[in-house]
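Participant: mind folding the following:
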Amino acid sequence: MKRNALTLVVGVILLLIFFLLLFTFQVRQTEIVVLTTFAKPSAQPIDKPGLYFKWPLPIQKVYRFDKRIHNFEDAYEQMLTADGHNLLASVYVGWTIEQPRDFFNSFTGGDPAVAEPHLKSLVRSVKQAIIGQHPFSDFVSSNSQNLKFGQIEEEILKAIQTSAMAKYGVKVQFVGIKQLGIPENVTAKVFDRMTAERQREIDRLKALGDSEAIAIKSAADAQRAEIIAKAEQEASAIRGAADAEATKHFAVFQQNQELAVFLMQLRALESTLGKGATIIADPSISPFNLLINNSSNNIAPRSNGNTTAPRGPALSANEPKR
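Facilitator: Numbers count the residues shown, from 1 in each chain. Here you go, the predicted model:
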């Protein structure tokens, strides 16, 4: 009895599994499903994960598409730029199935492997058209600012997106230049051109440096002339003030020249002799000649009319030296 019950339970489970396999299907997170009824796709694809009901074959059939990014690389081939130079280039492409029903109708069974050659052909034709619109200097240049890889990739992407979506229901997510080369027969010409560009840049920088050097030298000369003129002006002012002061003192000196000389000698002697100083000097040399008691050293001021000025004091050489 127990054996019959176990057999019945196992049979029910098997029947349930068979029913699930025939009448249900599962959609995963990374999938988009197109359900066909008598080989005709349903109106709306199923892109939400879960368990769904279907009729068994041959009434309905499930086609699964991976909605993650597919990628490929096109051929590394030669093409012409806008100015007639040969260039080797290849690009990489990432694409996703955006409209599964159109993709299913475009390719047998909606197989991505079948779709890839068609997409490569489309990419090749668009790549040649876009590269043919740009000069060689946009791809190869000694100045990195002249390169336009980003702009060219964006132009290729926009052109492919429009055609791929309209024809195959495919959205191209990104396009990038993978490899870029120059044929051997034009390599020497490219090097010569790059050398000429660098030489022009050297000449430009040299001319700019010469111009700046001339400007700096001119500014320095102007500043030097200004400083010299200002210094000469100040020197002239100082010399004028000194001449005026000298003229004033000279006028006083002219009133009594002998007395002025005598006073100057006394000042010199006073500044020379310090407290408790001992001097060994030639008494004939001024102002030490004042230390000798000589009548010639008695200096009388000039007389005005009949008035006679008193004589100056006489100094004796026998007086103690200070």
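Participant: could you check how far the residue lying closest to Tyr168 once chain neighbours are set aside is from Ile69?
Facilitator: Nearest non-adjacent residue to Tyr168, counting by C-beta to C-beta, 6 or more residues apart in numbering: Ser106, 4.7 Å away. For glycine as for every other residue, the C-beta is placed from the backbone atoms N, C-alpha and C. Distance of Ser106 to Ile69, given as C-beta to C-beta, to the nearest Å: 19 Å.
Participant: more crowded one of those two?
Facilitator: Ser106 (16 against 13; other C-beta atoms under 10 Å).
Participant: what's around Phe107, how many residues?
Facilitator: 18.
Participant: all strands of this structure, in order?
Facilitator: Counting by DSSP state E, the chain has strands at residues 24-27, 31-37, 40-41, 50-53, 60-66, 70-73, 77-80, 86-97, 170-181.
Participant: what's the closest of these to Leu8?
Facilitator: Proximity to Leu8 (C-beta to C-beta) singles out strand 24-27 among these, at 23.3 Å.
Participant: and that closest one, which strands flank it?
Facilitator: Sheet pairing for strand 24-27, assigned by DSSP bridges, gives strand 50-53 (antiparallel).
Participant: what about the strand it pairs with, average pLDDT?
Facilitator: Averaged over strand 50-53, pLDDT sits at 81.
Participant: likewise for stretch 237-244?
Facilitator: 87.
Participant: Leu16: which of the strands of the chain is closest?
Facilitator: Across the strands of the chain, closest to Leu16 is strand 24-27 (C-beta to C-beta), at 10.8 Å.
Participant: give the buried residues for that closest one.
Facilitator: Phe25, Val27 (16 or more other C-beta atoms under 10 Å).
Participant: for it, which outside residues touch it?
Facilitator: With C-beta atoms under 8 Å, 6 or more residues apart in numbering as the test, strand 24-27 has contacts from Val33, Ile46, Asp47, Lys48, Pro49, Gly50, Leu51, Tyr52, Phe53, Lys54, Val62.
Participant: wait, what's in contact with the residue nearest to Tyr168?
Facilitator: Ala115, His118, Lys167, Tyr168, Gly169.
Participant: can you put those residues in CSV and add neighbour count?
Facilitator: Shown next, in CSV, are the contacts of Ser106 (neighbours: other C-beta atoms under 10 Å):
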residue, neighbour count
Ala115, 22
His118, 15
Lys167, 13
Tyr168, 21
Gly169, 20
